[in-house]
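K.L.:
Sequence first, then the predicted structure:
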Amino acid sequence: MSVVYTASATATGDGRGGHTRSSDGVLDLDLAVPKEMGGPGGHLSNPEQLFAAGYAACFHSALKLVAGKQKITLTDTAITVDVGIGPNGQGGFGLTVAIEAELPGLDQATAQGLIEAAHQVCPYSNATRGNVDVNLTIA
């Protein structure tokens with residue numbers, strides 16, 4: 001693979017309750033462990049939110065790419081990604097991902113075909129395939 005872009009971020013402090021910053025400083029925020037995981041929660045982000053946001057943006061781009069190649073016009077589309085975390089039964093933790101696509105104006109078969117094609121193109125989907133349960137749905 002020929003890398004065209006590399007993102008870099010550093011986490012410091014207390015891990016999930018610490019701080020993260022991208023190398024260019026665009027992303028620069030404190031983190032908090034969610035209440036559901038025994039932390040304070042509140043108005044701070046966490047790794048699962050950051051992963052969900054990145055996956056949603058990446059998947060949406062993949063969706064637009066495959067729609068364009070199929071000459072399908074998309075308007076007012078949205079992708080929502082839910083990332084779950086929990087014990088994996090082997091002493092560690094695992095993730096689940098649910099991807100919901102809002103594709104107004106498309107019939108069910110076309111919409112389903114597009115999200116399945118996007119799932120094959122999206123780098124996040126390719127990185128998680130076989131490691132994370134991913135569920136695709138149409139809103």
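P.N.:
That came through, no problem. Everything numeric here is computed off the predicted structure, so don't read it as measured data. Residues are numbered from 1 along each chain as shown.
K.L.:
Tell me which residue of the chain is furthest from the middle?
P.N.:
K71 (25.4 Å; Cα atoms, centre = their mean).
K.L.:
for the most centrally placed residue in the chain, what are its contacts?
P.N.:
By Cα atoms, centre = their mean, the chain has its centre lying nearest to Y55, at 2.1 Å. Contact analysis of Y55 by Cβ atoms under 8 Å, 6 or more residues apart in numbering lists V81, V83, V97, I99, C122, Y124. C-beta coordinates here come from the backbone N, C-alpha and C atoms, glycine included.
K.L.:
Helices - which of those land there?
P.N.:
Members of the contacts of Y55 lying in helices (criterion: DSSP state H): Y124.
K.L.:
Buried members of the contacts of Y55 into PyMOL, please.
P.N.:
PyMOL command restricting these to the buried ones, with burial defined by 16 or more other Cβ atoms under 10 Å:
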select buried, resi 81+83+97+99+122+124
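K.L.:
which non-adjacent residue is nearest E48?
P.N.:
V83 (4.4 Å; Cβ to Cβ, 6 or more residues apart in numbering).
K.L.:
T75 versus the one you found, what's the distance?
P.N.:
V83 sits 27 Å away from T75, going by Cβ to Cβ, to the nearest Å.
K.L.:
hmm, back to that, what about the residue farthest from the centre of the chain, distance to L114?
P.N.:
12 Å.
K.L.:
about what we covered before: do you know the pLDDT at the residue nearest to E48?
P.N.:
Listed pLDDT for V83 reads 98.
K.L.:
With G15 instead?
P.N.:
According to the model, G15 scores 89 on pLDDT.
K.L.:
Can you name the residues that contact it?
P.N.:
The contact partners of G15, by Cβ under 8 Å, 6+ apart, come to L31.
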